[in-house]
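[1] Here is my input, please return the structure:
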Amino acid sequence: MKKLISGVLMALAIGMLYSCVNPVNDKKVTIAYVNWAEGVAMTHLSKILLEKEGYKVDLKNADVAPVFAAVAGGDADVFLDTWMPVTHKEYIDKFGAKLEMLGTNFKSARIGFVVPDYVKINSIEELNVNMAMFDGKIVGIDAGAGIMNKAEIAVKDYGLKLELQSASEAAMLAVLKKSVDAKQPVVITGWSPHYIFSTYKLKFLNDPKGIFGAVESIQTVANKDFVTTNPQVTAFFRNFQLDDAELGSLMAAMESSNDEKAAVEKWLAEHAELEMQMRSFLKSEDK
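    Just a heads-up that it's a prediction; the model follows:
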């Protein structure tokens with residue numbers, strides 16, 4: 001009896017030790033995302049790669065402020081569309097204690113006021129004297145987005161008389177398409193990477209005051225507790241990175257299809273080496 005009790009205690013001790021060095025991994029991941037083209041593309045690509053390795057992936061879609069709150073609070077695990085060091089700095093300042101930056105998934109990102117290349121102005125400082133050309137408005141996206149916060153500062157600091165209008169990204173893109181099709185001037189809050197730069201000939205307006213910052217990078221952030229308990233998925237996201245051609249072609253593929261999964265699958269078939277590399281970070285020794 002004494003030997004039996006000793007054996008049970010030993011097994012419990014080994015189990016406790018194992019659980020300490022092998023964090024629980026229930027193969028469930030919740031990715032939060034905002035309806036921005038690059039984030040939608042990277043989120044669905046991650047989802048499919050994780051599912052191919054047996055993970056159950058849930059997606060949560062919301063505006064950017066609730067997305068950061070969800071990841072910080074543990075209602076979501078990962079967000080792949082954090083623009084730094086300018087656009088989303090306020091959210092990192094607010095929630096950073098509960099978040100871990102996993103790394104850069106895209107370099108050379110940029111935000112600012114964007115016009116078609118046939119528009120004969122090149123600087124934000126030229127907007128006021130040409131405001132009639134734009135019907136006195138700048139077409140933006142959802143209020144609260146980092147680019148809209150910077151746009152509001154630009155309107156104030158440049159003394160712009162144009163009205164900054166907020167709308168969904170889809171509504172802004174519809175206005176852009178309608179204007180370009182009619183060869184009419186339009187100014188929007190734009191960002192790159194985005195498929196619009198491969199679809200239309202566009203240009204950023206010069207920003208002499210540097211309100212929109214210089215080149216940014218897009219970062220992946222995760223809940224700190226999730227990072228501790230999910231080392232393999234964390235390794236996957238730490239190594240998740242696309243270059244300009246890869247992300248541009250992925251966004252274009254998704255934009256031209258009504259089936260996100262089919263679009264990503266087709267894109268992966270054309271990027272087999274990248275798929276193999278990314279899935280290698282999710283391979284466990286016991287599979």
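[2] can we go C-alpha only for contacts and neighbour counts from here?
    Will do.
[3] for the stretch 151-287 of the chain, what spans make up the strands?
    Assigned by DSSP state E, counting those that start in this stretch, the stretch 151-287 of the chain shows strands spanning 163-165, 188-192, 202-204, 216-223.
[4] In TSV, list the ones you listed along with mean neighbour count and distance to K56.
    TSV is the format used below for the strands of the stretch 151-287 of the chain (neighbours: other CA atoms under 10 Å; distance: least, CA to CA, whole Å):
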stretch	mean neighbour count	distance to K56
strand 163-165	17	39
strand 188-192	22	31
strand 202-204	19	39
strand 216-223	23	17
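[5] Could I get those strands in a markdown table, plus columns for mean pLDDT and distance to E265?
    Listed next are the strands of the stretch 151-287 of the chain as a markdown table, based on pLDDT from 0 to 100; distance: least, CA to CA, whole Å:
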| stretch | mean pLDDT | distance to E265 |
| --- | --- | --- |
| strand 163-165 | 97 | 37 |
| strand 188-192 | 94 | 24 |
| strand 202-204 | 96 | 29 |
| strand 216-223 | 96 | 22 |
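[6] out of those, nearest to E90?
    Closest to E90 of these, according to CA to CA: strand 216-223, at 14.2 Å.
[7] Quick one: work out the angle between that closest one and strand 188-192.
    Strand 216-223 and strand 188-192 are oriented at 80 degrees to each other (axes from the mean of the first three to the mean of the last three CA atoms, to 10 degrees).
[8] for strand 216-223, packing partners?
    Secondary-structure packing of strand 216-223 (3 or more CA pairs under 8 Å, 6 or more residues apart in numbering; DSSP states H and E): helix 64-73, strand 78-84, strand 99-116.
[9] Name all residues that make contact with W36.
    By CA atoms under 8 Å, 6 or more residues apart in numbering, W36 lies in contact with E169.
[10] Please, where are all the helices along this protein?
    2-21, 37-52, 64-73, 89-95, 146-157, 169-181, 196-199, 224-229, 231-238, 244-255, 260-269, 272-280 (DSSP state H).
[11] Any idea which of those gets closest to P208?
    helix 146-157 (10.6 Å).
[12] Enumerate the positions of that closest one that are buried.
    146-148, 150-151, 154-155 (16 or more other CA atoms under 10 Å).
[13] what does stretch 206-213 give?
    In stretch 206-213, counting by 16+ other CA under 10 Å, buried: 206-207, 211-213.
[14] Quick check: which of the residues you listed has the minimum pLDDT.
    Within those, pLDDT reaches its minimum at G213, with 86.
[15] who are the neighbours in contact with the residue lying closest to that residue once chain neighbours are set aside?
    Nearest residue to G213, sequence neighbours excluded (CA to CA, 6 or more residues apart in numbering): V86, at 6.4 Å. V86 is in contact with 212-213, 216, counting by CA under 8 Å, 6+ apart.
[16] try 10 Å this time
    Applying CA atoms under 10 Å, 6 or more residues apart in numbering, we find V86 in contact with 110-111, 146-147, 150, 211-217.
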